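Asks: sequence and predicted structure are below.
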Amino acid sequence: MSRVLVARLDSVGDMLLAGPAIRAVAAGNPNHPGSQGPNDVLLLCGPQGESAARLLPGVTDIFTWACPWIMNPAPEITAESIESLTAYVRNSRISEAVILTSFHQSPLPLALLLRLAGVQRITAASTDYAGSLLDVRLKPGEDFPEDLPEAVRALTIAEAAGFELPPGDDGLLKVLDPPDVTDLVGEGPYVVVHPGASAPARAWPPLHHAAAVELLEGAGHRVVVTGGKGETALTATVAGPAALDLGGRTDLRTLSGVLAGASAVVTGNTGPGHLAAAVGTPVACLFSPVVPAIKWAPYGVPLELLGDQSAECRMTRARYCPVPGHPCLDSVSPEEVAEAVERLISGVSSLSTRLTTGHRRTTGRQWRGRA
């Protein structure tokens, strides 16, 4: 088996969106140079994405590295840190590498380190001239359009390297089988509300969440509120006296089980939204347009996209809202969220969502994203 390094050095959501590309590399391709069957995939990830990396099918080994040009805050660049990466690559007998990046990132610093570590064939997408750093270079905007869902962008890079999904793989997000969490959530249907966000600009107000929980409960839904260990005060506020508060009680794998059992999930533009998509659960997404929904909305599941996608913060990539009053999300009412959940459960998505996140493929394969 060939040993191929796949690099995605970002957060939980980014790692989950790389899943289809990773499965394509793992499957191999008889037409690929030197391929004789399935590949060992050695996944290079950052500390913030490691928990998601461990949930992905097709991964043989994981190396976690704090990348100084990706992480925020950025770690210090040291000879020891660089040597830890290059030594792993050299000792792992890696035959080639596929570097997955978003539109605003360059693969070239990593390509240089991999080249110095002896990797002979490297594929990536780069706006900048790559010289001898890349063997297969895709030019964004020329070799593929910029308005691709991130999962499709990553898969396009893997395909350029010569790897394809195996027959029967639909190209959607997937994780290893979620655990049974009946002991946590109890019996019967429920809706999950996940109020936390990785950046304040992507957060809906806690009291709006709490009001939406009350409306959902009033409509007869059982509500489960989830959050990390540092979000227990938030989840307690949102859950109120009646909803089940699981704040601080789930790691990412356990959360996958909670989300898999839900009828629908209410969340912002954050990792749990992509995890919900990976387990096939419909998402009502409170999406701040600081990044484009066409790229970053939960992929491949029934979706309700909430928030003003034309707000002034659009495309700023801001972590903190640059517009007084946070109008893109604060303007969304709890009633709108409750109505979106009802539409998801009934199976009828809104027209505005379909217009915002719909896709067509202009080459051989149909876009896999849908709302």
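Replies: Looks like it came in fine.
Asks: quick one: average pLDDT of stretch 13-23?
Replies: Across stretch 13-23, pLDDT averages out at 98.
Asks: how far does that stretch sit from the chain's center?
Replies: 7 Å (CA atoms, centre = their mean, to the nearest Å).
Asks: same check on stretch 170-179?
Replies: 12 Å.
Asks: cool, and stretch 201-211?
Replies: The answer for stretch 201-211 is 21 Å, by CA atoms, centre = their mean.
Asks: what comes up buried for that stretch?
Replies: 201-204, 206, 208-211 (16 or more other CB atoms under 10 Å). No exception for glycine: its C-beta is placed from N, CA and C like everyone else's.
Asks: dump those into a markdown table; add pLDDT as well.
Replies: Formatted as a markdown table, the buried residues of stretch 201-211 follow (pLDDT from 0 to 100):
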| residue | pLDDT |
| --- | --- |
| Ala201 | 89 |
| Arg202 | 92 |
| Ala203 | 93 |
| Trp204 | 96 |
| Pro206 | 96 |
| His208 | 97 |
| His209 | 98 |
| Ala210 | 98 |
| Ala211 | 98 |
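Asks: inside helices: which ones of these?
Replies: 206, 208-211 (DSSP state H).
Asks: Ala52: which of the buried residues of stretch 201-211 is nearest?
Replies: Closest approach between the buried residues of stretch 201-211 and Ala52, by CB to CB: Arg202, at 17.6 Å.
Asks: now do the contacts for the closest one.
Replies: Shown in contact with Arg202 (CB atoms under 8 Å, 6 or more residues apart in numbering): 268-270, 286-288, 290, 329.
Asks: now do Ala161
Replies: Ala161 neighbours (CB under 8 Å, 6+ apart): 25, 32, 96, 98, 121, 123, 136.
Asks: ok, the third one to Ser198 distance?
Replies: Read it as Glu96. 32 Å (CB to CB, to the nearest Å).
Asks: with neighbour numbers in mind, choose between those two.
Replies: Glu96 (25 against 17; other CB atoms under 10 Å).
Asks: from His326, how far out is the more buried one?
Replies: 45 Å.
Asks: go on, Phe103?
Replies: 25 Å.
Asks: okay, those two: which has more neighbours?
Replies: His326 (19 against 16).
Asks: mind pulling the model confidence for that one?
Replies: For His326, pLDDT reads 90.
Asks: same check, this time on Gly369
Replies: Value for Gly369, per-residue pLDDT: 29.
Asks: do Arg354 as well
Replies: Arg354 is given a pLDDT of 55.
Asks: residues in contact with Val291?
Replies: 269, 315, 317.
Asks: same thing with Leu44?
Replies: 5-9, 63, 65, 85.
Asks: show me where pLDDT drops low in the stretch 201-350 of the chain?
Replies: 349-350 (pLDDT under 70).
Asks: domain parsing for the protein?
Replies: For the chain, automatic domain parsing gives the domain ranges 3-160, 182-357.
Asks: can you give me the end-to-end span of the first one?
Replies: Right, the one you point to is domain 3-160. In domain 3-160, first residue to last residue: 17 Å (CA to CA, to the nearest Å).
Asks: from the chain's centroid, how far away is that domain?
Replies: 15 Å.
Asks: quick one: which of the contacts of Leu44 is nearest Ala52?
Replies: Using CB to CB, the contacts of Leu44 come closest to Ala52 at Arg8, 9.4 Å.
Asks: distance of that closest one from Val193?
Replies: From Arg8 to Val193 the distance is 28 Å (CB to CB).
Asks: with His208 instead?
Replies: Taken as CB to CB, the span from His208 to Val193 is 11 Å.
Asks: ditto for Val98
Replies: 36 Å.
Asks: what residues does stretch 260-268 touch?
Replies: So stretch 260-268 is in contact with 178, 181, 185, 189-197, 202-204, 209, 212, 221, 224, 259, 272-273, 276, 279-288, 329, 337, 340-341, 344-345, going by CB under 8 Å, 6+ apart.
Asks: what does stretch 110-125 give?
Replies: Contacts for stretch 110-125 (CB under 8 Å, 6+ apart): 5, 7, 9, 33, 67, 82, 85-87, 89-90, 94-101, 107-108, 130, 132-140, 143-144, 153, 156-158, 160-161.
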